[in-house]
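> Provided below are the primary sequence and the corresponding predicted coordinates.
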Amino acid sequence: MLKVKNLSAGYDNVPVIFDVSFEINEGEMVSIIGSNGAGKTTILRAVSGLIKPFAGEIEFLGKRIDMLPPHEIVKLGIAHVPEGRHVFGKMTVRDNLLIGAYTLKNDDEVKKTLEEVYEIFPRLKERENQKAETLSGGEQQMLAIARGLMSKPKLLMVDEMSLGLMPIFVDKVLEILKEISRRGMTILLVEQKVQEALEVADRGYVLQTGRIVAEGSGKELLESELVKKAYMGM
């Protein structure tokens, strides 16, 4: 579904990631793990069109997308849930979700998608008329993911879903992502909580100082000496 080939990208002509290549097959949950500052967010920003690569290619469903603007990439079927959630605090839960549905063609489709999202996130249904700023951090993360789903994406990219959350909410959000995956959604999860990310992933990639240094199944990476030493203190 997604092919990233020899990607280099960064900010103000300073590269952050170097010659990064990876791919995601339809229906997979893939994790890119690495410490803070390794370049994980930069990869997602390049895929979603928020920054333009210095070099390399990005293909989605066989089409080059690395020169497309972000709104065109969303229309093709990629949703990006950003680090830090970025919900619209003064707007209700429902209105936040409806913003995510701007690519849908008619009211019936929006209504049906909203019902599907509420089925996955019953807590948001209960709070649909509350302002987003009144939600807990975990509920705001659920709202950010749900807003991404409202565009009916083929690929959902989630950046640092555990950021600022208590462990109980991290577990809850991971369970939700697993449920979304079971329903057939392809997911790219970028995360610095290495064990949690690899336990739910079909496959994973390890990013260090802007370069992919290892790849394999989630289980293989959890058992690798590199991951144990670098990220799990073993």
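The structure has been received and is ready for your questions.
> name the SS class of Gly216, please.
What DSSP: H, G, I helix; E, B strand; the rest coil gives for Gly216 is strand.
> do you know how far the residue nearest the centre of the chain is from Val30?
For the chain, the residue sitting closest to the mean C-alpha position, by CA atoms, centre = their mean, is Val158 at 1.6 Å. Distance of Val158 to Val30, given as CB to CB, to the nearest Å: 11 Å. Where C-beta positions appear, they are placed from N, C-alpha and C, glycine not excepted.
> shared neighbours, those two?
Ile187, Leu188, Leu189 (CB atoms under 8 Å, 6 or more residues apart in numbering).
> mind listing which of the residues you listed are in strands?
Among the shared contacts of Val158 and Val30, the residues falling in strands (DSSP state E) are Ile187, Leu188, Leu189.
> what is the first one paired to in the beta sheet?
For Ile187, the beta-bridge partners under DSSP bridges are Met29, Leu156.
> that one: neighbouring residues, count only.
Per other CB atoms under 10 Å, the neighbour tally for Ile187 reads 24.
> do the same with the last one
By other CB under 10 Å, the residues close to Leu189 number 27.
> my guess is it contacts Met161. True?
Yes - contact status for Leu189 versus Met161: in contact at 7.0 Å, counting by CB atoms under 8 Å.
> for the helix of greatest length in the chain, the averaged confidence score.
Counting residues, the longest helix in the chain under DSSP state H turns out to be helix 167-182. Taken as a whole, helix 167-182 has an average pLDDT of 87.
> ok now it, how far from the chain's centre?
Distance of helix 167-182 from the chain centroid (CA atoms, centre = their mean, to the nearest Å) equals 13 Å.
> over to stretch 130-145?
A distance of 17 Å separates the C-alpha centroid of stretch 130-145 from that of its chain, computed with CA atoms, centre = their mean.
> stretch 213-227 too?
20 Å.
> ends of that stretch, what's the gap?
The first and final residues of stretch 213-227 sit 10 Å from each other (CA to CA, to the nearest Å).
> show me the contact partners of that stretch.
Residues contacting stretch 213-227 (CB under 8 Å, 6+ apart): 22, 31, 33, 194-195, 198-207.
> find the pair from these with maximum spatial separation.
Largest separation among those by CB to CB: Phe22 and Gln195, giving 20.3 Å.
> so for Met234, what's the pLDDT?
Looking at Met234, its pLDDT is 55.
> meant to ask about Val110, not that
On the pLDDT scale, Val110 gets 95.
> neighbours of it, just the number please.
18.
> regarding it, what is its secondary structure?
Using three-state DSSP, the structure places Val110 in helix.
> before we move on, what about Ile32?
Going by three-state DSSP, the secondary structure assigned to Ile32 is strand.
> fine, thanks again, bye for now.
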